[in-house]
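In: here is the input, now give the coordinates:
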Amino acid sequence: DVQLQASGGGLVQAGGSLRLSCAASGFTFDRYAISWFRQAPGKEREGVSCISSSDGTIYYVDSVKGRFTISRDNAKNTVYLQMNNLKPEDTAVYYCAARFYWCSGSMDYWGNGTQVTVSS
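Out: Model (predicted):
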């Protein structure tokens with residue numbers, strides 16, 4: 001069975017840091033691009049970051065550039081999202097998702113969410 005398990009969320013004060021992890025199983029991890037999405041209450045889901053399968057090309061939404069860093073460890077089938085200088089507007093449920101090879105397009109697999117709450 002395919003599984004994407006997101007973890008690492010929590011409550012942090014503005015300016016703090018968290019590292020999210022997305023542990024994958026059940027598919028050929030190094031052939032898949034992994035994305036992080038988030039959804040805040042009353043808002044649409046938003047793509048936050050993606051790391052491709054091939055050359056490690058990375059994308060970030062403008063609002064997190066310079067603060068978030070995505071990375072992957074193919075040996076551990078895990079993608080990380082290091083989030084620094086967190087802001088209250090980063091509060092959301094964060095999801096990881098996988099798509100074969102490229103970042104663009106519909107996701108093939110979705111994981112559970114992990115709650116990130118940033119207090120002011």
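In: report back the residue of the chain that's furthest from centre.
Out: For the chain, the residue at maximal distance from the C-alpha centroid (Cα atoms, centre = their mean) is residue 120, at 22.5 Å.
In: now it. Nearest residue, chain neighbours left out?
Out: Using Cβ to Cβ, 6 or more residues apart in numbering and skipping residues adjacent in sequence, the residue nearest residue 120 is residue 88, 4.8 Å away. C-beta coordinates here come from the backbone N, C-alpha and C atoms, glycine included.
In: likewise residue 58?
Out: If the residues on either side of it in the chain are set aside, residue 58 comes closest to residue 51, at 5.2 Å by Cβ to Cβ, 6+ apart.
In: do the same with residue 5
Out: When the adjacent residues along the chain are set aside, residue 5 lies closest to residue 23, with 4.6 Å between them (Cβ to Cβ, 6+ apart).
In: what does the helix or strand hosting the one you found contact?
Out: Element membership of residue 23, judged by DSSP states H and E, is strand 18-25. For strand 18-25, the external contacting residues (Cβ atoms under 8 Å, 6 or more residues apart in numbering) are 1-10, 12, 32, 34, 36, 76-83, 86, 94, 96, 98, 111, 114, 116.
In: please consider this matter closed, and thank you.
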